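Novice: predicted coordinates and the sequence they were generated for:
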Amino acid sequence: MTVLPPGAERVGGSAFCPNGIIRYAQGRALSFQMHPEFEHDFAEALLNVRADSIPADVAALARDTYRQPTDRDFIGHWIASF
């Protein structure tokens with residue numbers, strides 16, 4: 001999503017995906033553009049399966065992120081308590 005819908009609030013994101021987590025004013029709802037349930041090994045396997053359809057520079061950027069720590073455990077607890 002490149003533009004927030006009316007009444008929505010960005011609560012998380014990145015330079016690549018600024019609207020990564022959105023809270024909606026209409027009710028008790030969140031949306032996530034990423035997959036906190038994916039571990040790096042699984043995400044990299046998906047990337048490898050789709051290697052022929054992903055530009056090399058985008059794939060290289062993704063692979064670089066797999067070496068970075070994540071907030072997936074924090075986000076998982078946050079989702080569970082929401």
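Specialist: Looks like it arrived, so ask away.
Novice: buried sites along stretch 27-35?
Specialist: Residues of stretch 27-35 classed as buried by neighbour count (16 or more other Cβ atoms under 10 Å): residue 34. Where you see a C-beta, it was placed from the backbone N, CA and C, and this is true even at glycine.
Novice: next one: stretch 32-46
Specialist: Neighbour-count burial for stretch 32-46 [16+ other Cβ under 10 Å]: 34, 36, 43-44.
Novice: farthest pair in the residues you listed?
Specialist: 36 and 44 (15.7 Å; Cβ to Cβ).
Novice: just how off-centre is the strand or helix carrying residue 79 within its chain?
Specialist: Using DSSP states H and E, residue 79 sits within helix 72-81. Computed by Cα atoms, centre = their mean, to the nearest Å, the chain-centroid distance of helix 72-81 equals 13 Å.
Novice: tell me the helices and strands packed up against it.
Specialist: strand 29-32 (3 or more Cβ pairs under 8 Å, 6 or more residues apart in numbering; DSSP states H and E).
Novice: angle of the helix or strand that comes right after the strand it packs on against helix 72-81?
Specialist: For strand 29-32, the following helix or strand on the C-terminal side (DSSP H and E) is helix 40-49. Our comparison of helix 40-49 with helix 72-81, counting by axes from the mean of the first three to the mean of the last three Cα atoms, to 10 degrees, yields an angle of 100 degrees.
Novice: residues in contact with helix 40-49: which ones?
Specialist: 35, 38, 54, 59, 62-63, 66, 70 (Cβ atoms under 8 Å, 6 or more residues apart in numbering).
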